[in-house]
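[1] Structure, please.
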Amino acid sequence: MQHASDPVGYGLKDLAGLTDGAKVSGNTSATFHRAASILDDCKGALSWIRSSLPDKEQRLMNSGVSVIFCDPQLVPPESLLPTTCFIAVDNPKRQFARAVSRLFKPPRSAGIHPTALVHQEAVIGSNVSVGAFAIIEKVEIGQDCHIGSYSCIKHGIDYHNLDFTDLVQYVYTA
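    Residues are numbered from 1 along each chain as shown. Have a look, this model is predicted:
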């Protein structure tokens, strides 16, 4: 995971779990550092396209896209195979959205939201953010963790380097 402001490139390996069962063709070493619509300039970007788009070939040829989710009916232009990675999946828009939400997270500021409830003996590491209405019992939360809004972190477990973004988490004592 990285934040949107980080200029590091991603590749096919970073899309693990989103490409299971997909047909991958083209340049499997292609990298991207941002996400963009196929209707915009896509140089160095991850994008998606559906085969029913009327001018899809022209869009692909002019886009400069690096990695693209597409549906299995799309036939990649031969001239783009050396530079572009095509990932054929049943729902390219959904897989693109999942990739964007996983890889491009906005920077978070460390701190505890005023509505969060934190046990007085909880140990909170550095650079931790705790969202609104979260409940933190007597636990240890290591540095660089994010506890999302409405999360409930139960007593008896230590948390380190976790990101419970926008999920209600109920973690019980083993």
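
[2] So the most centrally placed residue in the chain: helix, strand or coil?
    Centroid-nearest residue in the chain: residue 102, 1.3 Å away (criterion: CA atoms, centre = their mean). Look at residue 102: counting by DSSP: H, G, I helix; E, B strand; the rest coil, its state is helix.

[3] for the protein, what spans make up the helices?
    56-63, 92-103 (DSSP state H).

[4] Make a markdown table out of these and add distance to residue 82 and mean pLDDT.
    Yep, even glycine has a C-beta here, placed from its N, CA and C like the rest. Below are the helices of the chain laid out as a markdown table (distance: least, CB to CB, whole Å; pLDDT from 0 to 100):
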| stretch | distance to residue 82 | mean pLDDT |
| --- | --- | --- |
| helix 56-63 | 13 | 89 |
| helix 92-103 | 21 | 89 |
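
[5] can you redo those as JSON lines with distance to residue 26?
    Shown next, in JSON lines, are the helices of the chain (distance: least, CB to CB, whole Å):
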{"stretch": "helix 56-63", "distance to residue 26": "11"}
{"stretch": "helix 92-103", "distance to residue 26": "15"}
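
[6] Residue 16 is nearest to which of the ones you listed?
    helix 92-103 (9.9 Å; CB to CB).

[7] on that earlier part again, ok, the residue nearest to the centre of the chain to residue 33 distance?
    The spacing between residue 102 and residue 33, counted by CB to CB, to the nearest Å, is 15 Å.
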